[in-house]
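sequence isn't available, so here's the structure alone:
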């Protein structure tokens, strides 16, 4: 039997699965398609790392490793929902929840000393940050807004804040002594094994990373962010925000760049509170309190310190004396510096741009903002958008064009695959990348605390990326722009490969160009304002940034995108949208049994998955299911059945019911398979006749607390009871 693997992930998307998956499974079975789940949640990934400490009932197989292997096979058909890219505070919280449930897990060791602590740290390091995506993404990314979503956004434009020509919002970035400016890049002539070595000033050598296998044609980069320059830069930006009377905010990605960005975040916290760390830095360090974990963790830990009250007063003094600080939650006093994973650049910057260039201050009011993005690799794209809005006003969703993306991400390409090759430099000297013969390929002089990293981009993904860009340009007739800067070492090597591989394809009549990220942004914005589309062809980080930036401006959210990953060995990975707002949705569900999460991205992913399976498995019924789901989704949008924003309206569960109803009605109308039409005709009648009753059952549970048995590891029975409260709907699905 053909299979679709549906991932069990985290937070709101995972809760929504308890409601939606029974519909998917029931419908898919009519086409002989089995839908299986694999647990790649943060809790599941933690549990899988410690089988030796757990009981038989508690153990879980390493589902992520299994799916990673499946992704290399032609039969792969995986629907991947958003998952937690765990920051250290999130990892610690998940471990605590599991420990409280009886799992014999070790605490996360901040500074491992014993062999046991080092072993635990190594296991946890496999889980934190973006542990999932590099494993599953054995292909490059094709991400775009489906026509139905784009048409709906034009007919029902979302709110956009007005822009003023005298807005003082800007981006601050280093431009020197950062990752971009210090980058060195080489292309390997042949297979080899590389080693990263730290050479101290006295000649002592320490291996930082050994046995890095590389292939012929692979691009390998090394770079360093100099901490002294970073600290100067941050101190200057705190003063600049104060002088300009704008909010100070920092925008990083501590989830994906799980080694470098928490360290940078810690330096931001120290730069904002210099007196605090001058007075109490030694005590905080001795107590194991790291600024890298954020202000929230620091304040929570002070209760255990003799100087706790004095430290809290020093924090209050720092906030009073510093510039206004951007807030994550003004009502709760949660600042931009509380949690490293709260403000994620690819989501936070477009949200700020959509809101007149404003973020929220402590009083809960909007205010112009200095957005601090220390590394200058991609910061320019946001400054270009801000300048464009300052000059031309806000974008108009009812007329604006689209910027779909072809992203180079296969086999952990580029910076997002650099975690295991990123280091906080222990001592002065230099860091070298050497080949097996001992030749030095890349070298940087370093000082203590500098952040050094290497990253890899294999040749096959680059070839596939170029091919996919040409394929999409040919299919759409839309210009395809490679966002690359020949002045950056890595990009220069990619440009050379693009010029080599493009002639392998028929590009006659197509517009395919290479531009710097800043120029490509300006070009795309000019076309957007004319209602024209432009394909952005980017590396891995810009893929992430662009597939939030443009959809949030065009559609109001990035969760409504179709994200297809044509796997390089013939399978398919179908991603279902972003998960940045998922924690708030879970909190609302627990408080008042209302889940506002929108599963629309899953509808698109499932239709594409069925279409792919129909071709691979020669399954005409799967094709019918996919085509009718597309039509049902368009009806779903036109009838405005997405979750409402307040109690008394349908939430995620009600949206699933209506999708199921419209899908059954479309299946009943199709003429290619009369048996299938008959089966779904009966279901459609039952659902339509009982619409009022089902909606009533779904609405009746709202307003009361919901017990799901855990945040990171809900209890299946409790979560299913909460997410499937309509007996009438459940019985109707059972008839299939």
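Right, received. Where do you want to start? No experiment lies behind these values; they were computed from the predicted model shown.

so where is this protein shaky, pLDDT-wise?
Along the chain, the model assigns pLDDT under 70 to residues 1, 578-581.

domain parsing of it, as residue ranges.
The chain breaks down by automatic domain parsing into domains covering 2-138+567-734, 170-175+226-392, 184-225+422-455.

so how far is the second one from its chain's centroid?
Okay, so that is domain 170-175+226-392. 20 Å (CA atoms, centre = their mean, to the nearest Å).

start and end of it, how far apart?
In domain 170-175+226-392, first residue to last residue: 16 Å (CA to CA, to the nearest Å).

again, but for the shortest one
Using CA to CA, one end of domain 184-225+422-455 lies 11 Å from the other.

residue boundaries of the helices in the stretch 401-550 of the chain?
Applying DSSP state H, counting those that start in this stretch to the stretch 401-550 of the chain gives helices spanning 459-476, 489-501, 517-529, 540-555.

picking up where we left off before, now mean neighbour count and distance to residue 561 too, for the domains of the chain, in a markdown table please.
Bear in mind the C-beta positions are built from the backbone N, C-alpha and C, glycine included. Putting these into a markdown table (neighbours: other CB atoms under 10 Å; distance: least, CB to CB, whole Å) gives the following:
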| stretch | mean neighbour count | distance to residue 561 |
| --- | --- | --- |
| domain 2-138+567-734 | 19 | 6 |
| domain 170-175+226-392 | 20 | 13 |
| domain 184-225+422-455 | 17 | 26 |
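
including distance to residue 503, could those domains go into a markdown table?
Supplementary listing: the domains of the chain in a markdown table, determined by distance: least, CB to CB, whole Å:
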| stretch | distance to residue 503 |
| --- | --- |
| domain 2-138+567-734 | 21 |
| domain 170-175+226-392 | 29 |
| domain 184-225+422-455 | 17 |
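
among those domains, which is nearest residue 146?
domain 2-138+567-734 (5.5 Å; CB to CB).

how distant is the closest one from the center of its chain?
With CA atoms, centre = their mean, you get 16 Å for domain 2-138+567-734.

now the terminal residues of it, how far apart.
With CA to CA as the measure, domain 2-138+567-734 spans 21 Å from end to end.

ranking the helices of the stretch 401-550 of the chain by burial, who's on top?
Stretch with highest mean neighbour count among the helices of the stretch 401-550 of the chain: helix 540-555 (a mean of 26; mean count of other CB atoms under 10 Å).

tell me how far that one is from the chain's mean position?
That offset, for helix 540-555, works out to 11 Å (CA atoms, centre = their mean).

who are the packing partners of that helix?
The helices and strands touching helix 540-555, judged by 3 or more CB pairs under 8 Å, 6 or more residues apart in numbering; DSSP states H and E, are strand 141-144, helix 147-155, helix 345-354, helix 379-392, strand 405-407, helix 517-529, strand 535-538.

would you turn these into JSON lines with distance to residue 174?
Shown next, in JSON lines, are the helices and strands packed on helix 540-555 (distance: least, CB to CB, whole Å):
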{"stretch": "strand 141-144", "distance to residue 174": "28"}
{"stretch": "helix 147-155", "distance to residue 174": "36"}
{"stretch": "helix 345-354", "distance to residue 174": "15"}
{"stretch": "helix 379-392", "distance to residue 174": "9"}
{"stretch": "strand 405-407", "distance to residue 174": "25"}
{"stretch": "helix 517-529", "distance to residue 174": "16"}
{"stretch": "strand 535-538", "distance to residue 174": "21"}
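
closest one to residue 592 among the ones you listed?
That would be, of the helices and strands packed on helix 540-555 and by CB to CB, helix 345-354, which comes in at 24.3 Å.

and the contacts of the helix or strand just after the closest one?
Scanning forward in sequence from helix 345-354 by DSSP states H and E, the next helix or strand is strand 358-360. Strand 358-360 is contacted from outside by 161, 169, 247, 249, 326-327, 330, 336, 352, 366-369, using CB atoms under 8 Å, 6 or more residues apart in numbering.

let's go with 6 Å and repeat that
Contact with strand 358-360 is made by 247, 249, 326, 327, 330, 352, 366, 367, 369, as judged by CB atoms under 6 Å, 6 or more residues apart in numbering.

greatest separation within these: which pair is it?
Using CB to CB, the contacts of strand 358-360 span at most 15.0 Å, a distance reached by 330 and 352.

run the chain-centre distance for stretch 447-464.
Centroid separation between stretch 447-464 and its chain, computed with CA atoms, centre = their mean, is 19 Å.

from here on, call the first residue 195.
Taking 195 as the first residue, the last one we looked at is stretch 641-658.

now the end-to-end length of that stretch.
Stretch 641-658 has an end-to-end distance of 39 Å (CA to CA).

right, and the domains of the chain - which one's nearest residue 661?
Of those, the one closest to residue 661 (CB to CB) turns out to be domain 196-332+761-928, at 10.2 Å.

out of the helices and strands packed on helix 734-749, flag the one nearest residue 223.
Residue 223 lies closest to helix 341-349 among these, at 26.0 Å (CB to CB).

quick one: list the elements packing against the closest one.
Applying 3 or more CB pairs under 6 Å, 6 or more residues apart in numbering; DSSP states H and E, one finds that helix 341-349 makes contact with helix 814-832.

C-terminal to the helix it packs on, what's the next element?
Downstream of helix 814-832, the first helix or strand assigned by DSSP H and E is helix 846-863.

pull the contacting residues for the closest residue to residue 644 other than its chain neighbours.
In this structure, residue 644 finds its nearest non-sequential neighbour in residue 619, 4.3 Å apart by CB to CB, 6 or more residues apart in numbering. Contacts for residue 619 (CB under 6 Å, 6+ apart) come out as 640, 644, 646.

nearest to residue 247, of these?
residue 646 (33.9 Å).

now the closest one: how far from residue 694?
30 Å (CB to CB, to the nearest Å).

what of residue 924?
From residue 924 across to residue 694, the span is 57 Å (CB to CB).

cool, residue 485 as well?
The gap separating residue 485 from residue 694 is 46 Å, by CB to CB.

do the same with residue 852
Taking CB to CB, one finds residue 852 at 50 Å from residue 694.

return the list of helices and strands in contact with the helix or strand hosting residue 220.
Assigned by DSSP H and E, residue 220 belongs to helix 205-223. Under the contact criterion of 3+ CB pairs under 6 Å, 6+ apart, helix 205-223 touches strand 227-233, helix 776-786, helix 846-863, helix 910-917.

got those as JSON lines, with distance to residue 373 columns?
Output for those, formatted as JSON lines (distance: least, CB to CB, whole Å):
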{"stretch": "strand 227-233", "distance to residue 373": "35"}
{"stretch": "helix 776-786", "distance to residue 373": "29"}
{"stretch": "helix 846-863", "distance to residue 373": "39"}
{"stretch": "helix 910-917", "distance to residue 373": "41"}
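
in a markdown table: the contacts of residue 619, plus distance to residue 372.
As requested, the contacts of residue 619 are arranged in a markdown table below (distance: CB to CB, whole Å):
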| residue | distance to residue 372 |
| --- | --- |
| 640 | 14 |
| 644 | 11 |
| 646 | 12 |
